[in-house]
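need coordinates for the following:
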Amino acid sequence: METTPQFFRHGPSPLARLFVFTLLSCILIVEDTRFHHFPQLRQSIGVIIYPLQRIAYLPANIYDQIVDFIASFYLLEENEKLRQLYLENKQQLLTLQALEVENSHLRNLLGAVREIETQTKTKAVLAEILYTPRDPFNHKITLNKGSLHQIQLGQAVIDDKGIVGQITQLYPWSSEVTLLTDKDHSVPVQVLRNNIRSIVTGTGKNNELALRFLSLNADIQPNDLLVTSGIGGVYPPGLPVAIVQRIVQDPAGDFALIISTPIAGVDRNKQVLVLSLLPQHSVDSSLETTEIESGKN
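Okay, the predicted model is just below:
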């Protein structure tokens, strides 16, 4: 076994070093426990070596910032994709809600068609509103059905609630409807509660109709329902027109001015029904068919 020559040995032996450092550790522990002189020294040393610690941590901090910077690009790209997906889903949801509302309105119109064709001698044609007036003084709308679709002047137009207006202009592929609220439009009506007949006219204001030249003691009350009387042959009888809102004295004389609100409204839907009286031979043939079927049964 080779040993280090004596002249190459320097310093105390390992055992002596162990003893010295053990003794020094015990002295430091006792001093730190009993006399508390080293905390100030540790703080001073910490202040001195703090810049060195910052320099030592600098590469790691730079690496973390680079990683965060790269990750932010991925987050921005992912957020943009999620935002676009949200907008697409939102648009689809709004479209679905609009389709549900339109589908519900079409089902109501279908029910109205069946009820009208069953109770009256009329047929109904479904039409869509193309244009609505932007001018508050223009109470007319345009439909996508015209003379080529068997639409005629004077035909009544309704929605699933009641009377909307009347066909007043006709074109091959479109037609113009004068609304109830137009000041030049009138409809023969009767009070559903007691069958008092009168004529309701437009006032030129939205959602307002008027019954004029009725005596002050006429038996008409607020919330009375006004329906078509059928007089004149334009409107089938029994269709809802308006609800009485208030009764005031006409300033022009000793008559009552009855203000009512239309039940139907083109501002609440896109489709309407155009009514027309069935030809007499169609009515007779339908009655004969019904009688034949009843006889068979």
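
quick one: mean pLDDT over stretch 127-142.
The pLDDT scores in stretch 127-142 average 83.

how about that stretch: buried residues?
For stretch 127-142, the neighbour count (16 or more other C-beta atoms under 10 Å) marks 127, 129, 139, 140, 141, 142 as buried. Heads up, the C-betas are built off the backbone N, CA and C, glycines and all.

check stretch 215-232 too.
The neighbour-count check on stretch 215-232 (16+ other C-beta under 10 Å) flags 218, 220, 224, 225, 226, 227, 228, 229, 230 as buried.

so where's the stretch 1-150 of the chain shaky on pLDDT?
Counting by pLDDT under 70, the stretch 1-150 of the chain has low-confidence residues at 1-11, 32, 35-38, 94-121.

so who does the spatially closest residue to residue 174 that is not a sequence neighbour touch?
Nearest non-adjacent residue to residue 174, counting by C-beta to C-beta, 6 or more residues apart in numbering: residue 146, 4.9 Å away. Neighbouring residues of residue 146 by C-beta atoms under 8 Å, 6 or more residues apart in numbering: 170, 171, 172, 173, 174, 175.

Throw the buried residues of stretch 215-232 into TSV and include pLDDT, distance to residue 152 and secondary structure, thanks.
Output for the buried residues of stretch 215-232, formatted as TSV (pLDDT from 0 to 100; distance: C-beta to C-beta, whole Å; DSSP: H, G, I helix; E, B strand; the rest coil):
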residue	pLDDT	distance to residue 152	secondary structure
218	83	35	coil
220	89	34	coil
224	93	32	coil
225	92	29	strand
226	93	26	strand
227	91	23	strand
228	90	18	strand
229	88	22	coil
230	84	18	coil
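
and the pLDDT at residue 165?
91.

over to residue 289?
Residue 289 carries a pLDDT value of 36.

that older thread, now do the residue nearest to residue 174 against residue 182, distance only.
Distance of residue 146 to residue 182, given as C-beta to C-beta, to the nearest Å: 20 Å.

I'd say residue 183 and residue 202 touch.
Yes - with contact defined as C-beta atoms under 8 Å, residue 183 and residue 202 form a contacting pair (5.0 Å).

sorry, back to before: ok, the residue nearest to residue 174 to residue 152 distance?
10 Å.

overlap of the contact sets of the two?
The contact lists of residue 146 and residue 152 share residue 170, where a contact means C-beta under 8 Å, 6+ apart.

any shared contact partners between residue 183 and residue 202?
residue 139.

what about these two, which has more around it?
The neighbour comparison of residue 183 against residue 202 (other C-beta atoms under 10 Å) goes to residue 202, with 21 against 13.

what's near enough to touch that one?
Residue 202 sits in contact with 139, 179, 180, 181, 182, 183, 184, 185, 186, 209, 210, where contact means C-beta under 8 Å, 6+ apart.

tell me the bridge partners for residue 244.
Beta-bridge partners of residue 244, counted by DSSP bridges, are residue 260.

now do it against residue 149, distance only.
Counting by C-beta to C-beta - residue 244 and residue 149 are separated by 36 Å.

now the helices for the chain?
For the chain, the helices defined by DSSP state H cover 14-34, 38-119, 280-296.

now residue 212: closest residue in space that isn't a chain neighbour?
Nearest residue to residue 212, sequence neighbours excluded (C-beta to C-beta, 6+ apart): residue 257, at 6.3 Å.

surely the one you found meets residue 244?
No - if you go by C-beta under 8 Å, residue 257 and residue 244 don't touch, sitting 11.4 Å apart.

which residues are in contact with residue 258?
Residue 258 neighbours (C-beta under 8 Å, 6+ apart): 210, 211, 212, 214, 220, 244, 246, 247.

that one and residue 235, how far apart?
According to C-beta to C-beta, residue 258 stands 19 Å off from residue 235.

for the nearest residue to residue 168 once chain neighbours are set aside, give the beta-bridge partners.
Spatial nearest neighbour of residue 168, chain neighbours left out: residue 178 (4.4 Å); criterion: C-beta to C-beta, 6+ apart. Beta-bridge partners recorded for residue 178 (DSSP bridges): residue 140, residue 166.

thanks a lot, catch you later.
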